[in-house]
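Participant: any chance you could fold what I've pasted below:
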Amino acid sequence: MSEQRREHTVRPAEPADATGIARVHVETWRHAYAGLVPGDYLAALDVERRTEVWRRDLAPGGRIRAWVATVDDEVVGFISLGPSLDEDAERGTLQVYAIYLEPGLWGSGAARELLRTALADVPPRTAVTLWVFAENERARHFYRRHGFQPDGTERTEEVGGADLLQVRYRRH
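Facilitator: This next block holds a predicted model:
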């Protein structure tokens, strides 16, 4: 017996989506980064704290743009995009800050639609970058399939006491 696939919708995020985004953010980190990020760090992730950050980020006039994937009006995924935070970024370069989807919907096409929707909002000939954990091969494959390539820049980020290698990907 096959489970019926739930239909998703992608739309611009609103401040009212902050709690749903925070829930997906925390849940996905706990699932996707188990074994990579220390367990006590993942266990300490707090939806209420993330909600406050997302409320601020989604307030009118903020520097980021975000979209959500919803199923039956419930947020199940999101993507955020804004000016590159990298010191070496050329003027106008944009950065995907985050893209996360409930693990149960991986492979459903919702993440692809989120990424395509965000990239459709990028002006022509504008570079877009993102950072991904080097050990996150699933995400790296997803980005390569959508035209992103490693640009040779790496950094180490301390997360929960662990030094994790990140690789920057770029799409023109």
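
Participant: my guess is Val68 contacts Val75, does it?
Facilitator: Yes. Taking C-beta atoms under 8 Å as the contact criterion, Val68 and Val75 are neighbours in contact, 4.9 Å apart. Any C-beta I mention is one placed from the backbone N, CA and C, and that applies to glycine too.

Participant: with neighbour numbers in mind, choose between those two.
Facilitator: Neighbour tally, Val68 and Val75, criterion other C-beta atoms under 10 Å: the higher count belongs to Val68, 25 against 21.

Participant: that one bridge partners, please.
Facilitator: Going by DSSP bridges, Val68 is paired in beta bridges with Arg11, Phe78.

Participant: got the contact list for it?
Facilitator: Contacts of Val68 were listed using C-beta atoms under 8 Å, 6 or more residues apart in numbering, and they are Val10, Arg11, Pro12, Ala13, Asp17, Gly20, Ile21, Val75, Gly77, Phe78.

Participant: mutual contacts of Val68 and Val75, please.
Facilitator: In terms of C-beta under 8 Å, 6+ apart, Val68 and Val75 are both contacted by the residues Asp17, Gly20, Ile21.

Participant: who's in contact with the last one?
Facilitator: The contact partners of Ile21, by C-beta under 8 Å, 6+ apart, come to Ala13, Arg50, Thr51, Trp54, Leu58, Ala66, Val68, Val75, Phe78.

Participant: going by neighbour count, which of these comes out on top?
Facilitator: For the contacts of Ile21, counting by other C-beta under 10 Å, the largest number of neighbours falls to Phe78: 27 neighbours.

Participant: give me the distance between that residue and Ala43.
Facilitator: From Phe78 over to Ala43 the distance is 22 Å, taken as C-beta to C-beta, to the nearest Å.

Participant: centre-most residue in this structure?
Facilitator: Relative to the mean C-alpha position of the chain, the nearest C-alpha, by C-alpha atoms, centre = their mean, is the one of Ile99, at 1.7 Å.
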